[in-house]
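Enquirer: The following block contains a protein sequence and its predicted model.
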Amino acid sequence: MTWFSDATGNVLDNVLDKALRGGVADLRPMPRTLIDKGPNRSVYRFVPPGDGEPVLLVPPLAAPSLCFDLRRGCSVAEHLVEQGRRVYLVDYGTVRFGDRRLGLEHWIDEVLPRAIRAASTDAGGRPVHVVAWCLGGILSLLTHADQPELPVASIATVAAPIDMTAIPLIAPIKPLVDVTNGWILTPVYRALGSAPRALVKRVFQLSALDKVVTKPYAVLSHLHDRDFLAQLEAVDRFTDNMAAYPGRTFGQMYHRFFRANDLSDGEVDFGGRRISLREVTAPVLVVAGTGDSIAPQRAVRRLVDVLSGAGEVRFETAPGGHLGVLAGRGARTTTWRYVDEFLATHAG
């Protein structure tokens with residue numbers, strides 16, 4: 001009887017908070033200070049700064065950087081700060097029509113190198129441990145391979161796929177793309193100057209269509225579970241803040257990564273300039289989500305095969321979909337623990 005009374009009270013409190021008080025999730029951002037700014041780059045230091053070597057959080061393009069600070073109680077940044085680490089975040093800002101000619105080289109040549117150097121300088125010249133999600137992980141690896149002199153101590157990638165043939169969402173439309181020589185989407189992103197944020201949002205939702213369809217039932221059946229409801233609210237906010245891809249960047253990803261599957265061999269060509277992931281020398285942690293349809297295990301694990309020059313390559317799996325493996329409730333005891341152990345192992 002006591003349990004029933006408590007559960008009923010929890011349901012009533014949660015319903016009132018959702019209906020009248022703006023929700024149940026604590027969506028306050030972790031406090032931070034801007035330490036560096038430039039085109040498509042704002043680098044923040046979370047406060048209070050801890051001791052030790054800096055940790056730089058690198059999001060993918062088009063996804064908001066709040067993937068690392070989803071909500072209080074389920075925030076990668078909060079977790080690392082509470083451990084006493086010195087934590088930084090790079091934010092790319094809003095993609096505008098004027099950015100349409102920016103290619104992946106812009107992030108490899110300018111944005112990430114400057115962010116890494118800014119974090120290192122702010123931390124007294126110490127080497128930087130990069131923790132990156134999805135395309136952020138791929139760009140971080142390409143940056144390190146291309147500029148080995150950068151002060152990079154280690155790289156941890158979460159849900160970073162390089163073998164596009166292993167992605168279920170792509171397989172059904174790949175033959176049609178090949179037959180049309182890629183012209184299904186090319187006129188769209190060229191005319192608009194970008195892959196619109198609405199399209200990016202829909203593709204992300206499509207990857208978890210079953211959860212979108214069953215969401216009303218999930219909410220009703222978990223009205224007693226405040227943590228569950230808070231996570232749904234945080235993910236909704238994340239999805240609503242998706243950004244656009246610059247037109248040229250999207251074109252490179254579409255034709256080089258998706259159509260040609262260049263990255264599966266560990267090399268990519270940018271106008272005659274070839275970057276090979278075999279040139280990565282830093283230790284690398286590779287984490288794949290067991291329920292990830294955007295970056296399934298086989299697409300992610302291919303990194304282990306091509307990072308032949310790395311000081312160490314550690315592969316782990318964790319429960320969760322594409323965002324869940326990084327910032328889901330289960331990530332708190334799986335992915336975050338792997339990152340903690342990896343950082344501890346490679347501390348200077």
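Expert: All right, it came through fine.
Enquirer: can you pull out the helices in this structure?
Expert: Per DSSP state H, the chain carries helices over the ranges 2-20, 76-82, 104-106, 112-122, 135-146, 174-179, 186-192, 197-206, 209-221, 226-240, 247-252, 297-306, 324-327, 335-345.
Enquirer: Please name the residues that touch W336.
Expert: V76, H79 (C-beta atoms under 8 Å, 6 or more residues apart in numbering). (C-beta placed from N, C-alpha, C; glycine too.)
Enquirer: Now do the same for it: its pLDDT.
Expert: Predicted confidence (pLDDT) for W336: 98.
Enquirer: what's the spacing between it and R117?
Expert: 27 Å (C-beta to C-beta, to the nearest Å).
Enquirer: need the contact list for L307.
Expert: Contacts of L307 (C-beta under 8 Å, 6+ apart): L141, G266, L277, R278, V280, V284, V286, V313.
Enquirer: Mark which of those residues are buried, thanks.
Expert: Neighbour-count burial (16 or more other C-beta atoms under 10 Å) applied to those gives L141, G266, L277, V280, V284, V286, V313.
Enquirer: Tell me the one of the residues you listed nearest V158?
Expert: Closest approach between the buried ones among the contacts of L307 and V158, by C-beta to C-beta: V286, at 8.5 Å.
Enquirer: isn't that closest one right next to L303, touching?
Expert: Yes. In this structure V286 lies within contact range of L303 using C-beta atoms under 8 Å: 5.0 Å.
Enquirer: mind checking pLDDT for Q205?
Expert: 54.
Enquirer: repeat for the one 5 residues further on
Expert: Predicted confidence (pLDDT) for D210: 49.
Enquirer: now A166
Expert: So A166 comes in at 81 (pLDDT).
Enquirer: if I pick it, what's in contact with it?
Expert: P296, R298, A299, R302.
Enquirer: ok, now how distant is it from E149?
Expert: 33 Å.
Enquirer: ditto for L223
Expert: From L223 to E149 the distance is 55 Å (C-beta to C-beta).
Enquirer: Those two - which one has more neighbours?
Expert: Neighbour totals were compared for L223 and E149, and L223 leads with 18 against 7 (other C-beta atoms under 10 Å).
Enquirer: Surely that one is in contact with L229?
Expert: Yes. Using C-beta under 8 Å, L223 and L229 qualify as a contacting pair, with a distance of 7.3 Å.
Enquirer: By average pLDDT, which secondary structure element in the chain comes out worst?
Expert: Lowest by mean pLDDT, DSSP states H and E among the helices and strands of the chain is helix 174-179, with a mean of 44.
Enquirer: Spatially central residue for this protein, please.
Expert: The residue lying closest to the centre of the chain (C-alpha atoms, centre = their mean) is W133, at 2.8 Å.
Enquirer: list the contacts for that one?
Expert: V58, P59, P60, A63, C67, F68, T157, V158, A159, A160, L326.
Enquirer: Looking at the residues you listed, which one is closest to E82?
Expert: F68 (13.9 Å).
Enquirer: Which residues are in contact with that closest one?
Expert: Taking C-beta under 8 Å, 6+ apart as the criterion, F68 is in contact with L57, P59, S75, V76, A77, L89, W133, L326, A327.
Enquirer: Give me the neighbour count for the fifth one.
Expert: A77 is flanked by 26 other residues according to other C-beta under 10 Å.
Enquirer: Same check on the last one?
Expert: Residues within reach of A327, counting by other C-beta under 10 Å, total 28.
Enquirer: OK, contacts around it?
Expert: Per C-beta under 8 Å, 6+ apart, neighbours of A327: C67, F68, L70, C74, S75, V76.
Enquirer: Filter those down to the buried ones and hand me the ChimeraX line.
Expert: One line in ChimeraX is enough to select the buried ones among those; burial here means 16+ other C-beta under 10 Å:
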select :67,68,70,74,75,76
